[in-house]
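>>> Provided below for reference: sequence and predicted model.
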Amino acid sequence: MRIDSHQHFWKLARGDYDWLTPDFSILYQDYLPEDLSPHLQPFRMDKTILVQAAPTIAETEFLLELYEQNEFIAGVVGWLDMESPSYTSEYRRLRSHKGFVGIRPMLQDLEDDKWILRKSVLKNIELLVEDDFPIDLLIYPHHLPAIVQLLEIFPSLRAVINHLGKPRIAEQIIKPWKEQITEISSYKNVMCKLSGMVTEAGQEIQTSKIEPFVQHVIKVFGPHSVMFGSDWPVCLLKASYQDVVELLLSTLPDHLTDSDKAAIFGGNASGFYKLNL
């Protein structure tokens with residue numbers, strides 16, 4: 001079973017994608033299942049994980065509707081207000097839907113780099129820990145110290161770093177990201193998505209610039225704690241779906257076995273999100 005662990009859909013008329021403006025050119029249009037499906041087939045991608053792109057429960061419900069209508073969507077990583085007094089009830093309501101497989105607060109868009117360490121948020125993360133329910137972490141490198149603190153508080157938290165933590169690939173700045181991601185990798189329930197590299201790679205995508213970041217992540221997490229994600233359609237700012245797949249394949253360490261690659265391209269995502277496939 002091959003799984004793309006990270007892709008998005010949106011419909012502009014819904015009106016809650018505040019970040020999505022005409023400045024984003026190719027992204028400023030609807031992207032729906034029929035637009036992605038033809039790109040999955042050539043790479044034998046059987047399933048995808050559909051990830052939220054707006055900080056609203058309404059968008060999560062929209063994505064769950066798409067899940068119900070499209071067999072290739074294996075699950076939805078949605079959004080909830082993790083500071084809201086109604087968080088617990090909303091979380092329980094969404095948990096009752098079999099397609100709801102994870103939660104993602106949009107940390108990269110928040111002014112407070114330590115938002116995730118607020119008491120009200122930590123109280124609600126405790127519920128995720130109790131349920132062993134996944135959280136996707138959308139962050140920049142400057143958020144990594146807060147994530148280290150979060151994991152010190154909840155060492156068993158089931159979490160996945162999105163897009164390698166968005167290291168500064170274009171500028172080839174690998175420290176302190178390298179040391180911080182290494183520390184995070186020591187927590188057994190934490191994984192990392194091999195996704196989003198093309199949008200951090202600068203004007204010209206060079207494999208030689210991306211490879212050190214990919215190989216370090218695989219070295220410290222191991223091949224069974226990382227997962228492929230296309231980040232489609234965001235990747236279209238720089239590369240096609242085919243380009244993204246081929247780029248990752250070209251940057252993987254030579255020593256990986258077929259079993260390792262099968263884990264990266266499906267098995268790990270299935271286990272992390274507890275998919276019933």
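Yep, it's here.
>>> Can you get me a residue count around Ala269?
Ala269 has 30 neighbours, counted by other CB atoms under 10 Å. Every C-beta, even on glycine, is put in place using the N, C-alpha and C of the backbone.
>>> which strands and helices sit next to the longest helix along the chain?
Ordering each helix of the chain by length in residues (DSSP state H) puts helix 207-221 first. Secondary-structure packing of helix 207-221 (3 or more CB pairs under 8 Å, 6 or more residues apart in numbering; DSSP states H and E): helix 177-185, strand 190-194, helix 241-251.
>>> Which one of those lies nearest to Gly202?
When these are compared by CB to CB, helix 241-251 sits nearest Gly202, at 13.6 Å.
>>> what's downstream of that closest one, the next helix or strand?
Toward the C-terminus, helix 241-251 is succeeded by helix 258-262 as the next helix or strand (DSSP states H and E).
>>> Any buried residues in that following helix, and which?
Buried residues in helix 258-262, counted by 16 or more other CB atoms under 10 Å: Asp260.
>>> next one: the next helix or strand after the longest helix of the chain to chain centre, how far?
Note on helix 207-221: by DSSP H and E, the next helix or strand toward the C-terminus is strand 226-228. In terms of CA atoms, centre = their mean, to the nearest Å, the centre of strand 226-228 is set 9 Å apart from its chain centre.
>>> Pull up the gap between Pro105 and Cys235, please.
22 Å (CB to CB, to the nearest Å).
>>> what do you get for Gln108?
17 Å.
>>> quick one: the helices in the chain?
Counting by DSSP H, the chain has helices at residues 33-40, 57-69, 87-95, 119-131, 144-153, 177-185, 207-221, 241-251, 258-262, 268-272.
>>> coming back round to it: which of Gln108 and Cys235 has more residues huddled nearby?
A side-by-side neighbour count of Gln108 and Cys235, using other CB under 10 Å, places Cys235 first with 24 against 16.
>>> Give me the pLDDT for whatever residue is furthest in space from the centre of the chain.
Centroid-distance maximum for the chain: Pro85 at 26.0 Å, with CA atoms, centre = their mean. What the model reports as pLDDT for Pro85 is 93.
>>> now Asp109
Reported pLDDT for Asp109: 87.
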